[in-house]
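**Q** I would like to see how this sequence folds:
(one chain, ligands or ions: 1)
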Amino acid sequence: MINDIARAPARKNADQPPVLVYEEVRKLYGDFVALNGVSLQVHKGEVMCLIGPSGSGKSTLLRCTNALETINGGRVLIDGVPLPVQESAVRKVRQRMGMVFQSFELFPHKSALDNVAMGPITVLGMREAEAKARAMALLEKVGLSAKAGSFPANLSGGQQQRVAIARALAMEPEVMLFDEPTSALDPETVGEVLSVMQKLAQEGMTMIVVTHEMGFARRVADWVVVFESGAIIEQGPPAQIFEQPTVERTRDFLGHLGWNG
Ligand SMILES: Nc1ncnc2c1ncn2[C@@H]1O[C@H](COP(=O)(O)OP(=O)(O)OP(=O)(O)O)[C@@H](O)[C@H]1O
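**A** The predicted structure follows:
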């Protein structure tokens with residue numbers, strides 16, 4: 001027992017209050033239970049990867065985090081404050097969370113630069129010149145300054161996703177939420193998006209990433225959470241989950257993916 005405690009890894013910033021706390025979160029779609037009492041904590045600067053079979057509730061939890069979905073039970077606390085339900089307050093919560101979707105969701109008739117600058121101008125009331133300077137710096141950060149004037153249709157999927165990441169960062173979020181950001185990409189562009197995400201992680205961004213990229217989760221995550229049927233079946237540091245999972249269903253899931261450590 002003492003050895004177990006000694007071996008238990010310290011979580012990043014575990015000495016500070018968590019940024020996000022999920023308490024017994026339940027989400028129903030009609031009679032279907034998509035989340036069945038999920039409890040979880042996310043610490044500042046932590047990269048948390050949510051893995052598990054299709055339909056197990058990973059994206060639903062992400063969507064409950066920025067109030068794209070309303071929960072039916074339990075609580076989500078952000079910096080200790082329960083997620084509000086009033087629309088005006090919800091908008092403020094969303095500003096603190098950058099969300100990157102599988103399908104990019106860029107505005108097709110705006111250039112890469114304008115896609116990134118738009119949020120600060122319209123939501124934060126930033127002056128256009130300042131917003132565009134910020135957007136340019138962010139495009140440079142994701143390696144796309146040369147594409148600032150390009151429209152989404154003229155960018156590869158990987159480039160569009162990097163613009164989407166820059167757009168989310170332009171709002172200076174406290175937490176970044178990634179919902180399978182590479183699932184819709186051609187294999188040759190997956191790496192460029194993952195390396196931008198890895199760089200963000202190294203800079204200390206707090207990130208929750210729903211992913212089927214087990215290599216990324218193994219390499220970059222600080223904490224891995226395994227979902228099945230709307231519940232967490234196991235969580236721990238990547239070395240535990242990928243090399244020594246304690247739950248047989250985790251082993252089955254990783255085995256089906258061909259993961260062999
Ligand atoms: N708007 C909705 N209405 C009804 N059912 C939904 C809705 N959104 C999700 N679900 C169901 O909730 C369950 C959990 O879905 P969710 O997208 O969270 O799974 P997931 O683990 O992210 O899966 P994947 O890896 O395939 O994205 C699924 O069975 C899904 O069909």
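**Q** going by C-alpha atoms from here, please, whenever you check contacts or count neighbours.
**A** Will do.
**Q** the stretch 1-150 of the chain against the ligand: which residues are in contact?
**A** Within the stretch 1-150 of the chain, the positions adjacent to the ligand are Tyr29, Ala34, Pro53, Ser54, Gly55, Ser56, Gly57, Lys58, Ser59, Thr60 by CA under 6 Å from any ligand atom.
**Q** what helix or strand is Asn115 on?
**A** Per DSSP states H and E, Asn115 falls inside helix 112-122.
**Q** which elements pack onto that helix?
**A** helix 128-141, helix 157-169 (3 or more CA pairs under 8 Å, 6 or more residues apart in numbering; DSSP states H and E).
**Q** number of residues surrounding Val21?
**A** For Val21, the count of nearby residues is 22 (other CA atoms under 10 Å).
**Q** output the helix or strand containing Gly191 as PDB, restricted to C-alpha atoms.
**A** In this assignment (DSSP H and E), Gly191 forms part of helix 187-202. Extracted in PDB, the C-alpha atoms of helix 187-202 (Å, rounded to 0.1, in the frame of the first residue of the first chain):
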ATOM      1  CA  PRO A 187      -3.000  11.100 -43.200                       C
ATOM      2  CA  GLU A 188      -0.200  13.300 -44.600                       C
ATOM      3  CA  THR A 189      -1.500  16.400 -42.800                       C
ATOM      4  CA  VAL A 190      -2.300  14.900 -39.400                       C
ATOM      5  CA  GLY A 191       1.300  15.300 -38.200                       C
ATOM      6  CA  GLU A 192       1.400  19.100 -38.800                       C
ATOM      7  CA  VAL A 193      -1.700  19.600 -36.700                       C
ATOM      8  CA  LEU A 194      -0.500  17.300 -33.900                       C
ATOM      9  CA  SER A 195       2.800  19.100 -33.800                       C
ATOM     10  CA  VAL A 196       1.100  22.500 -33.400                       C
ATOM     11  CA  MET A 197      -0.900  20.900 -30.500                       C
ATOM     12  CA  GLN A 198       2.200  19.500 -29.000                       C
ATOM     13  CA  LYS A 199       3.900  22.900 -29.100                       C
ATOM     14  CA  LEU A 200       0.900  24.500 -27.300                       C
ATOM     15  CA  ALA A 201       1.100  21.700 -24.700                       C
ATOM     16  CA  GLN A 202       4.800  22.500 -24.100                       C
END
